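1. Sequence plus the predicted model coming up.
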Amino acid sequence: MDRRKFLTYMGSGTAAVVAATSGLGVLAPKASAATANHLMDGKPNGKGKPLTVPFKEIDRSWENELLLPKGYNYNIIVSYGDVINSKGEKFGDAADLTVYFPMDALKGGTNSEEGLIWVNHEFPEPDNYMNILGINPDTYKKENLAQYPAFLKMQKESVGGSVIHVKKEKGKWVLIQDDTYNRRVDGSTPIQLTGPAAGSSAVKGAKVVEGSLGNCSGGRTLWNTALSCEENTEYGDDYGWPNFTDEHYGWVMEVDPFNIDAPVRKHTALGRFAHENAAMGQTKDGRVVVYMGDDSRGESFYKFVSKKKFNPTNREANFNILEEGTLYVADLGKQTWIALDYETNSKLQNYEKDGKKFFTSQADVLTYTREAAAAVGATKLDRPEDVEIHPIDGSVFLALTNNSNHGNFHGQIYRFVPANGDHGSDKFTFEVFIAGGQQSGITCPDNLHFDSKGNLWVVEDFSATEDNVYSEYKNCGVFMVPTDGKNYGDPFQFASGPKGCEVTGPWLTPDERTLFLDVQHPATWNPYPGKTFGRSCLVAVQGGAFK
């Protein structure tokens, strides 16, 4: 019997005693839903039947295929290397985040059969490119990358993200090729910096930087733009990219999929670290909040609160809303948010490293956010990855993937409730929603996504072999976890990915009849016969209760 079921069986009084000794607040399912207000602005737009475990869950599998429950099917929309427009730009590698924008989104519409999708491309896969270019990996040295201009070009074109126009035709989702909306942001695209660090000495005076990389997850803004998060910024150094400046990466980038002429921007006010994603909501007084995790062992959980209020009737009025505000980091021991504000926080002003003051301005704090978090005593967590806001009760779910350094191999998902039901509050309570491992049957939670009824969709990130701690979990999977009712907190497996891959970027259309997923870095699985290596791709899943 797992902890949640044990506490339910013993009753709330005993639960309070047990939780008090464990340091965790009690949020019984009914109590948490009742005490947290509905914080999101607006109602779910889905016209289809909400998902409530409508499928017969599948079993874990080693099979080299994307497996789904009976009655469901998938089709591949686009894969790495596919040409997406008349300029010859190609869909990038390592597909991660997907964000679907209905074609009529700017008019408040919910078109679920045609729209634009932003897809992140997290990292290059050099071994595959050597295969394509005929480079011998045994003799290649990254220090000599300048001798391989085609190889460098291929790497830079593989990262960043893609805007693609998609449409459902004859029951399948297809890429509308040569569409004017289709375009790439990659490792060479000029990108503006905004906010306090732009042009500062902390970023070497830069106001425009070259490209984006490490694009892991992200989110969608209230004004229908995409947020793309730069995670592992050392990729450029690792791959030997010339003239690479670390401080130009590790930010949250904003892209307007509907305007090909709009500048791509990195918002320094949201801090610089290994961003996994960005979940946007609102405070009670109308300001914008963005929750973010720092995906690394022993790093922290953040939120940004804008100075300016969201304008629901004027889209353009919100374009600078992420340029000014306050960045906070979580102290779970005190259940409070600490402002990372140089002007008001004496710990930041007096923090020293190697015998001298480390921060001299807010630009320094935002550029070296990890140092700032450590300076103020933020809680160190086990790889805080994806974070999402519950669409009904407004609680905040954070995936902690794992931390093998101290024996946490399977991770967990935390659930936070802001004080007074207000995302602008400095206080919160929290609980463990799911403990990874044998208790739940799920391991290493990564990307999260909610459907309109509040079911949580969870994908996994681990690498199993026949003899390691993940062997019984086999290939990475996709799960649906109810957050209310009799199946509260129980994962139901919906998909199993091909060997070697992560299944990433779950995103439902507004009518909840299509689920978009990415198959990232499969070992050998390939949608194109005759190709010699596994290719990341975007797929559309339909059938069953989606109909």
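-> Okay, I see it.
2. so who does N224 touch?
-> Counting by Cβ atoms under 8 Å, 6 or more residues apart in numbering, N224 makes contact with F101, A105, L106, P257, F258, R315. Quick note: C-beta positions are derived from backbone N, CA and C, even for glycine.
3. quick one: Q155 is in a helix?
-> Yes: under DSSP: H, G, I helix; E, B strand; the rest coil, Q155 falls within a helix.
4. quick thing: my sequence starts at 362, can you match it?
-> All right, first residue 362 from here; so that's Q516.
5. does the residue lying closest to it once chain neighbours are set aside count as helix, strand or coil?
-> Leaving aside its sequence neighbours, Q516 sits nearest to P485 (Cβ to Cβ, 6 or more residues apart in numbering; 4.2 Å). Under three-state DSSP, P485 falls in the coil class.
6. what about the helices in the protein?
-> Along the chain, counting by DSSP state H, helices occupy 364-371, 373-383, 390-396, 487-494, 510-519, 596-599, 707-711, 723-728, 730-736.
7. Mean pLDDT lowest where, among those?
-> Of all those, the minimum mean pLDDT falls on helix 373-383 (a mean of 30).
8. mind listing what G797 touches?
-> N763, H771, G772, Q773, I774, I803, T804, C805, P806.
9. hang on, isn't the third one packed against T804?
-> Yes: counting by Cβ atoms under 8 Å, G772 touches T804, with 6.9 Å between them.
10. so what sits against both of the two?
-> Common neighbours of G772 and T804 (criterion: Cβ under 8 Å, 6+ apart): N763, G797.
11. Please, where are all the strands along the stretch 662-811 of the chain?
-> Secondary structure of the stretch 662-811 of the chain, counting by DSSP state E, counting those that start in this stretch: strands at 662-670, 686-692, 697-700, 713-714, 717-718, 742-743, 745-750, 757-761, 773-779, 789-796, 806-811.
12. Including distance to T865 and mean neighbour count, could those strands go into a markdown table?
-> Formatted as a markdown table, these follow (distance: least, Cβ to Cβ, whole Å; neighbours: other Cβ atoms under 10 Å):
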| stretch | distance to T865 | mean neighbour count |
| --- | --- | --- |
| strand 662-670 | 21 | 21 |
| strand 686-692 | 25 | 23 |
| strand 697-700 | 29 | 19 |
| strand 713-714 | 36 | 10 |
| strand 717-718 | 41 | 9 |
| strand 742-743 | 20 | 22 |
| strand 745-750 | 10 | 26 |
| strand 757-761 | 12 | 26 |
| strand 773-779 | 17 | 24 |
| strand 789-796 | 19 | 20 |
| strand 806-811 | 6 | 25 |
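13. Show the contacting residues for the closest residue to S440 other than its chain neighbours.
-> Nearest residue to S440, sequence neighbours excluded (Cβ to Cβ, 6+ apart): C898, at 3.7 Å. Counting by Cβ under 8 Å, 6+ apart, C898 touches I437, I438, V439, S440, Y441, A456, D879, V880, P888.
14. one more time with 7 Å, if that's ok
-> Neighbour list for C898: I437, V439, S440, Y441, A456, V880, P888 [criterion: Cβ atoms under 7 Å, 6 or more residues apart in numbering].
15. Which of those ranks first by neighbour count?
-> Using other Cβ atoms under 10 Å as the neighbour criterion, A456 leads these with 30 neighbours.
16. can you pull up the bridge partners for it?
-> Counting by DSSP bridges, A456 is bridged to H482.
17. Next up, the contacts around it.
-> Counting by Cβ under 7 Å, 6+ apart, A456 makes contact with V480, H482, T865, G866, D879, Q881, S897, C898, L899.
18. make it 10 Å
-> The contact partners of A456, taken as Cβ atoms under 10 Å, 6 or more residues apart in numbering, are 439-441, 480-483, 522-523, 576, 863, 865-866, 878-882, 896-900.
19. list the contacts for the residue sitting nearest the centre point of the chain?
-> By Cα atoms, centre = their mean, the chain has its centre lying nearest to S578, at 2.8 Å. By Cβ under 10 Å, 6+ apart, the contact set of S578 is 457-460, 481, 483, 588-590, 592, 636-640, 653-654, 656, 746-749, 807-810, 865-866.
20. If we ignore the residues flanking it in sequence, what's nearest it?
-> N638 (3.5 Å).
21. give me the number of residues near that neighbour?
-> N638 has 29 neighbours, counted by other Cβ under 10 Å.
22. correct me, but it touches C577?
-> Yes: between N638 and C577 there is a contact at 7.1 Å, judged by Cβ atoms under 10 Å.
23. and for the two, which residues touch both?
-> Common contacts of N638 and C577 (Cβ under 10 Å, 6+ apart): D457, L458, N481, S589, C590, E592, D656, E746, D747, D807, N808.
24. How about the fifth one: what's its closest non-neighbour residue?
-> Counting by Cβ to Cβ, 6+ apart, the nearest residue to C590 once its immediate chain neighbours are dropped is H636, at 3.5 Å.
25. Can you give me the separation between that neighbour and T826?
-> Applying Cβ to Cβ, to the nearest Å, the value for H636 to T826 is 29 Å.
26. ok, now how distant is P603 from E504?
-> Taking Cβ to Cβ as the measure, P603 falls 10 Å from E504.
27. do the same with F634
-> The gap separating F634 from E504 is 28 Å, by Cβ to Cβ.
28. what do you get for Y610?
-> 20 Å.
29. swap in C805?
-> C805 is 34 Å from E504, by Cβ to Cβ.
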